[in-house]
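>>> Give me the fold of what follows.
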Amino acid sequence: MESWEERALKCPHCQQDNDRVIDSRASDDGAAIRRRRECLACRYRYTTYERVERTLIKVIKKDGVREPFDRVRLKTGLEKACWKRPISDAKLEAIVSTVENDVESNFESEVESRYLGELVMRHLRQLDQVAYVRFASVYRQFEDVQDFVDELRPMLSDAARRPKDETKPG
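Residues are numbered from 1 along each chain as shown. Presented below is the predicted three-dimensional model:
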């Protein structure tokens, strides 16, 4: 029986399992290896990622339900908050990786969703205030305009304390 290392991946285009690696490089600050592959049957090129298999960490939701930590779900939430904002996919991926690494470094098997939400909001607040408020409005379940005002008040007072030339983008 072949080991998994000896078997090629199936081409997503023609489903053949005969490919070659064209290029390999570190990705996600060394947390993954990105490989460009070419199918030897149809010449289709595609990308795969190799990551260390991590321990399964469960997220404890507000209602007590436990679900596996899902980096794709986290990134989807960030993408929704950052919709039509000038934020690159690389920056979102960096937040996801930072959150994932934080969770794996500080928790053995379970983490509360509240911790994850606050951690994501801290990163978003530094990255983009509009994305931060969007995320906060869903995460904290804003019910009316006053909830938005309450969330914005500390940000506005921080901006008022900064010298004017620091508040300008540039």
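>>> Which pLDDT value does the model give the residue lying closest to residue 60 once chain neighbours are set aside?
Take residue 60 and drop its neighbours on the chain: the residue closest to it by CB to CB, 6 or more residues apart in numbering is residue 112, 4.9 Å away. C-beta here means a position set from N, CA and C on the backbone, and glycine is covered the same way. What the model reports as pLDDT for residue 112 is 96.
>>> Also residue 32?
Value for residue 32, per-residue pLDDT: 86.
>>> Repeat that for residue 133.
Reported pLDDT for residue 133: 89.
>>> for the host helix or strand of it, packing partners?
Residue 133 is part of helix 129-139, with elements assigned from DSSP states H and E. Helix 129-139 sits against helix 71-81, helix 113-127, helix 145-161, with contacts defined as 3 or more CB pairs under 8 Å, 6 or more residues apart in numbering; DSSP states H and E.
>>> pLDDT on the longest one, on average?
Taken as a whole, helix 145-161 carries a mean pLDDT of 78.
>>> Give me the distance between the spatially most central residue of the chain and residue 76.
The chain has residue 96 as the residue nearest its centroid, 2.6 Å off, counting by CA atoms, centre = their mean. When distance is defined by CB to CB, to the nearest Å, residue 96 is 10 Å away from residue 76.
>>> mind checking which helix or strand of the protein has the lowest mean pLDDT?
helix 164-167 (a mean of 54; mean pLDDT, DSSP states H and E).
>>> and residue 14, what are its phi and psi?
When read as degrees, to the nearest 10, the backbone of residue 14 gives phi -120, psi 0.
>>> Renumber starting at 2 from here on
Yes, from this point I'll number from 2; that puts the last item at residue 15.
>>> Need the pLDDT of it.
Residue 15 is given a pLDDT of 95.
>>> could you dump the helices and strands packed on helix 130-140 to a markdown table with distance to residue 51 and mean neighbour count?
Formatted as a markdown table, those follow (distance: least, CB to CB, whole Å; neighbours: other CB atoms under 10 Å):
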| stretch | distance to residue 51 | mean neighbour count |
| --- | --- | --- |
| helix 72-82 | 15 | 16 |
| helix 114-128 | 25 | 17 |
| helix 146-162 | 40 | 11 |
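>>> Perfect, that will be all.
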